[in-house]
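Trainee: give the three-dimensional model of this entry:
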Amino acid sequence: MQNIFIGRQAIFDREMATYAYELLYRESDSGGVSVTDGEMATSRVMLNAFVEIGLENVVGPHPAFINLTRSFFTDAPHIPFEKSQVVLEVLEDIEVDQRLVATVAKLSAEGYRIALDDYEFGSHWEPLLPYASIIKVEVPAVDPQRIEEQVRQLQKYDLKLLAEKIETEEEHQRYLELGFDYFQGYYFSRPQIIKGKRLPENKLVILQLLTSLNDPEVTIDALDRLISQDAALSYKILRHINSAAAALPRKLDRIGEAVVYLGLRQIRTWAHLIILSQTSDKPQELLYNALVRACMCEQLIQRSRRANAQAAYAAGLLSTLDLLLGCPLEEIMQELPVSDEIKGAILKYEGPIGEAVSCALAYESQQWERVAFCGLESAVISEIFVSSSHQAFVSSTLVT
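Mentor: Got it, this is the predicted structure:
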């Protein structure tokens, strides 16, 4: 089994009682971080906290603050957490546009708490203020001459103020007097490292699961049989659903029951996150490219309406298995329970879905003379590729 790590830093209220913990990506028990990919780090934090270690073992009864990148907001309108468990942080470098605001407004209306991280009192944040529950102010970045007036400007909104990166008693007292509700920083506590063990899943089973979840005719019994093939995956799903946060009236011990309770959307989300986190034996770029290709095939088919878009997504994803698994596609296709249409599309580029796979491959390899699909203009295909790249980490197909 593989060692896994997650950082947590306590957040205190005005009486110095623990209010919550912020969860942080960590790669070792020394606190080291080398990953610069925000989506990967967020995916690993989610999996380590909610599935591998168990959120109750990380934060106890307290809420968990989780940093989310833009794509987790804009491309994942379904968040796979209980509302009482989390505070969703909008990072300071996220572009605030109409799409982001609409998604944050939707999540807020559903009951999720939204925090604006490293708030800089700039006008670009204003569209999000009506939907925010907590404003996190980074103390070292604040102009001490203007902070009182800036705080007064926020008092017309129904929200709490959190002072972060507090390092002295003087800073604590100042922000206490200014009316801040929560406090975080090295003065109170440094991040702690929580260590656990990761049970590796069978990557082929996970990819089969993603394929099946994109089949509109898939049955609960079929998913039950597939998930049950992988002891680690079965354990993680059952552990997640039987956690204290789920508050079930009774313990569930069958995968079929868990699938019914969670619903296909949450199963899709967790399977997707597991795939994103599996980088121990393959470069993360291969997994990213696989998801880009899948999204591109799906969008090409959606534009042409010549075949099933979910089948096109599955074909695009499965067409990368030779790279991900280090095995010829012909051998892999013999083992996978997929339709002849998808097999023909992957192996021989047959039919509309095969044309989409061929187009995506040509675009990836920059063989521009072969980039063509159903009479679409090259500019439209380029637009689809860019859109697919944005959706690659948290594909809306997998979570809606």
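Trainee: contacts, neighbours, all on C-alpha from now
Mentor: Noted.
Trainee: could you list the low-pLDDT ranges of the stretch 101-250 of the chain?
Mentor: For the stretch 101-250 of the chain, applying pLDDT under 70 flags the ranges 197-204, 206-207, 210-211, 213-216, 231, 236, 239-250.
Trainee: that one: helices as residue ranges?
Mentor: For the stretch 101-250 of the chain, the helices defined by DSSP state H, counting those that start in this stretch occupy 147-154, 169-177, 203-213, 220-227, 231-241.
Trainee: can you redo those helices as CSV with mean neighbour count and distance to residue 125?
Mentor: Shown next, in CSV, are the helices of the stretch 101-250 of the chain (neighbours: other C-alpha atoms under 10 Å; distance: least, C-alpha to C-alpha, whole Å):
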stretch, mean neighbour count, distance to residue 125
helix 147-154, 13, 11
helix 169-177, 14, 21
helix 203-213, 19, 37
helix 220-227, 16, 43
helix 231-241, 19, 35
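Trainee: dump those to JSON lines, plus distance to residue 359.
Mentor: Listed next are those as JSON lines, based on distance: least, C-alpha to C-alpha, whole Å:
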{"stretch": "helix 147-154", "distance to residue 359": "51"}
{"stretch": "helix 169-177", "distance to residue 359": "57"}
{"stretch": "helix 203-213", "distance to residue 359": "20"}
{"stretch": "helix 220-227", "distance to residue 359": "31"}
{"stretch": "helix 231-241", "distance to residue 359": "34"}
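Trainee: what's the closest of those to residue 18?
Mentor: With C-alpha to C-alpha as the criterion, residue 18 lies closest to helix 169-177 of the helices of the stretch 101-250 of the chain, at 15.2 Å.
Trainee: relative to the whole chain's centre, how far out is that closest one?
Mentor: 35 Å (C-alpha atoms, centre = their mean, to the nearest Å).
Trainee: re earlier: so for residue 62, which of the helices of the stretch 101-250 of the chain sits nearest?
Mentor: Judged by C-alpha to C-alpha, the one of those that comes nearest to residue 62 is helix 231-241, at 16.9 Å.
Trainee: tell me which of the helices of the stretch 101-250 of the chain approaches residue 296 most closely.
Mentor: Across the helices of the stretch 101-250 of the chain, residue 296 has its closest neighbour in helix 203-213 (15.7 Å, C-alpha to C-alpha).
Trainee: what helices and strands are in contact with the helix or strand harbouring residue 362?
Mentor: Applying DSSP states H and E as the criterion places residue 362 in helix 351-364. Secondary-structure packing of helix 351-364 (3 or more C-alpha pairs under 8 Å, 6 or more residues apart in numbering; DSSP states H and E): helix 284-304, helix 309-318, helix 340-348.
Trainee: rewinding a little: among the helices of the stretch 101-250 of the chain, which is nearest residue 131?
Mentor: Across those, closest to residue 131 is helix 147-154 (C-alpha to C-alpha), at 12.7 Å.
Trainee: next, the angle helix 169-177 makes with the closest one.
Mentor: Interaxial angle of helix 147-154 relative to helix 169-177 (axes from the mean of the first three to the mean of the last three C-alpha atoms, to 10 degrees): 30 degrees.
Trainee: next one: helix 147-154 to chain centre, how far?
Mentor: With C-alpha atoms, centre = their mean, you get 34 Å for helix 147-154.
Trainee: which residues does it contact?
Mentor: 121, 178 (C-alpha atoms under 8 Å, 6 or more residues apart in numbering).
Trainee: most distant residue from the middle of this protein?
Mentor: residue 145 (38.8 Å; C-alpha atoms, centre = their mean).
Trainee: distance check, it against residue 151.
Mentor: Computed as C-alpha to C-alpha, to the nearest Å, the residue 145 to residue 151 distance reads 12 Å.
Trainee: and residue 110, by the same measure?
Mentor: According to C-alpha to C-alpha, residue 110 stands 27 Å off from residue 151.
Trainee: again with residue 290
Mentor: Residue 290 is 46 Å from residue 151, by C-alpha to C-alpha.
Trainee: cool, and residue 359?
Mentor: Separation of residue 359 from residue 151 (C-alpha to C-alpha): 54 Å.
Trainee: that's all I had, so thanks and see you.
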